[in-house]
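J.: below are the sequence and a predicted model; questions follow.
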Amino acid sequence: MSDKVYIFDTTLRDGEQVPGCRLNTQEKVEVAKKLEGLGVDIIEAGFPVSSPGDFTSVVEISKAVTWPTICALTRAVESDIKIAAEALHFAKRPRIHTGIGTSPYHIKYKFNSTPEEILERAVGCVKYAKKFVEDVQFYAEDAGRTDNEYLARVVEAVIKAGATVVNIPDTTGYCLPSEFGEKIKYLMEHVDGIHKVTIATHCHNDLGMATANTLSGLMNGARQAEVTINGIGERAGNTSLEEVVMILKSHSELNLDTNINSKKIASVSRMVSSMMNMPIQPNKAIVGRNAFAHSSGIHQDGVLKNRESYEIIDPKDVGIDENAIVLTARSGRAALKHRLESLGVNMEKEALDK
Ligand code: KIV
Ligand code: ZN
């Protein structure tokens, strides 16, 4: 029996932090409805205190979406939390996502504070959020560069304060997959009460390791993956939803399952790309234009004999009709014959050779 991994989509919050990617409320509602259809469990709809537009979008998404949890981000500041709770008023399943930086960089330079003071603020923000909603998610910003012992103390304290989900972000995309996995394992083994809550991964892609780190976190006990469509997000982006979902689907030996209807991935990906004016790189895993294209003669021949020779995913599983056999200078007889047949031309061997 597989364990469920909750998919938390932050395309409309972290994804929307990309310069030049702003969506209006109506567009955000459209994306949220599409994410609901895809099977996303939690939609992070915005950061209500950050702008009137974000506030209104959280309100309208809360009204429009039926079954996924709707989440709103806050800092560890009471007025942020109060405003987030107001924005979530119409949500059927509201969640407040509050938290604070826990790494030495954040404690010393961002807050000019001490580890003890930060721990107190962490507990305080969770307790305050609990006055408004039952489902409170805490994030330890820059957990990737936070000492594990201190992080464990913070996580234990926020669980005691009532957090239902604890998010361990690698905010700067710094961790190695082994290091990030060990961090999650350390927490699973050293924090009292950790099995009563869900541990989340939230990885950034600054060194191209966001998906690997997310997977390593899941393999060590995390059960919520925070992701965006096409991996869009701050700087080099966030973990891609499509990559995590298809890894778990392709590797059934991991016994981890999601609620995502993978056949809808391609259409959601295209919608987000065009609405946000963010073209997808052609070689992007799963959703890039070339992800299922074969151009060299050896590969084309192999795929035409048996698709699985060079394809680990059936393109239909992500909503793409078929793979592409692209005629290039490196194509051979097999590809040419295939293309001619698809055009209704049946060529005999000699003619084909010629
Ligand atoms: O990257 C990060 O740490 C975040 C938090 C606000 C969850 O986006
Ligand atoms: Zn982030």
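T.: Sure, I can see it. Numbers count the residues shown, from 1 in each chain. Ligands and ions are numbered 1, 2, ... in the order given.
J.: what's the separation between residue 335 and ligand 1?
T.: According to CB to the nearest ligand atom, to the nearest Å, residue 335 stands 44 Å off from ligand 1. C-beta here means a position set from N, CA and C on the backbone, and glycine is covered the same way.
J.: please apply the same query to residue 194.
T.: Residue 194 is 19 Å from ligand 1, where distance means CB to the nearest ligand atom.
J.: ok, that residue touching residue 160?
T.: No - Residue 194 is beyond contact range of residue 160, at 11.2 Å (criterion: CB atoms under 8 Å).
J.: neighbour-wise, which of the two wins?
T.: It is residue 194, of residue 194 and residue 160, that has more neighbours when counted by other CB atoms under 10 Å, with 18 against 13.
J.: for that one, give me its contacts.
T.: Counting by CB atoms under 8 Å, 6 or more residues apart in numbering, residue 194 makes contact with 155-156, 159, 166, 187-188.
J.: for residue 190, which non-adjacent residue is closest in space?
T.: residue 152 (4.8 Å; CB to CB, 6 or more residues apart in numbering).
J.: show me what from the stretch 201-350 of the chain comes close to ligand 1.
T.: By the rule CB under 6 Å from any ligand atom, the part of the stretch 201-350 of the chain lying against ligand 1 is 202, 204.
J.: what residues does the stretch 1-150 of the chain put near ligand 1?
T.: When proximity is defined by CB under 6 Å from any ligand atom, the stretch 1-150 of the chain lies next to ligand 1 at 14, 139, 141.
J.: next step: those restricted to strands.
T.: Taking DSSP state E, the ones among these that sit in strands are 139, 141.
J.: quick check, nearest of the residues of the stretch 1-150 of the chain next to ligand 1 to residue 211?
T.: Nearest to residue 211 among those: residue 14, at 15.1 Å, using CB to CB.
J.: excluding its backbone neighbours, what's nearest the closest one?
T.: Using CB to CB, 6+ apart, the closest residue to residue 14 is residue 233 (4.6 Å).
J.: circling back to that earlier point, got the contact list for the residue nearest to residue 190?
T.: 186-187, 190-191.
J.: thinking again about what came up before, residues contacting the residue nearest to residue 14?
T.: Contact analysis of residue 233 by CB under 8 Å, 6+ apart lists 10, 14-15, 17-18, 204-205.
J.: among the residues of the stretch 1-150 of the chain next to ligand 1, who's most crowded?
T.: Result: residue 139 is most packed of these (other CB under 10 Å), 27 neighbours.
J.: state the distance from that residue to residue 155.
T.: 11 Å (CB to CB, to the nearest Å).
J.: how about residue 166, secondary structure?
T.: Secondary structure assignment for residue 166 (DSSP: H, G, I helix; E, B strand; the rest coil): strand.
J.: who's it bridged to?
T.: residue 138, residue 199 (DSSP bridges).
J.: out of the residues of the stretch 1-150 of the chain next to ligand 1, which is nearest to residue 131?
T.: Nearest to residue 131 out of these is residue 139 (CB to CB; 18.9 Å).
J.: out of the contacts of residue 194, list just those in strands.
T.: residue 166.
J.: am I right that the residue nearest to residue 190 is in a helix?
T.: Yes - per three-state DSSP, residue 152 lies within a helix segment.
J.: return the member of the contacts of residue 233 nearest to ligand 1.
T.: Using CB to the nearest ligand atom, residue 14 is the member of the contacts of residue 233 that lies nearest ligand 1, at 4.9 Å.
J.: re earlier: would you format the contacts of residue 233 as JSON lines with distance to residue 84, secondary structure and pLDDT included?
T.: Listed next are the contacts of residue 233 as JSON lines, based on distance: CB to CB, whole Å; DSSP: H, G, I helix; E, B strand; the rest coil; pLDDT from 0 to 100:
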{"residue": "10", "distance to residue 84": "15", "secondary structure": "coil", "pLDDT": "98"}
{"residue": "14", "distance to residue 84": "16", "secondary structure": "coil", "pLDDT": "96"}
{"residue": "15", "distance to residue 84": "18", "secondary structure": "helix", "pLDDT": "95"}
{"residue": "17", "distance to residue 84": "17", "secondary structure": "helix", "pLDDT": "84"}
{"residue": "18", "distance to residue 84": "22", "secondary structure": "coil", "pLDDT": "88"}
{"residue": "204", "distance to residue 84": "23", "secondary structure": "strand", "pLDDT": "98"}
{"residue": "205", "distance to residue 84": "27", "secondary structure": "coil", "pLDDT": "98"}
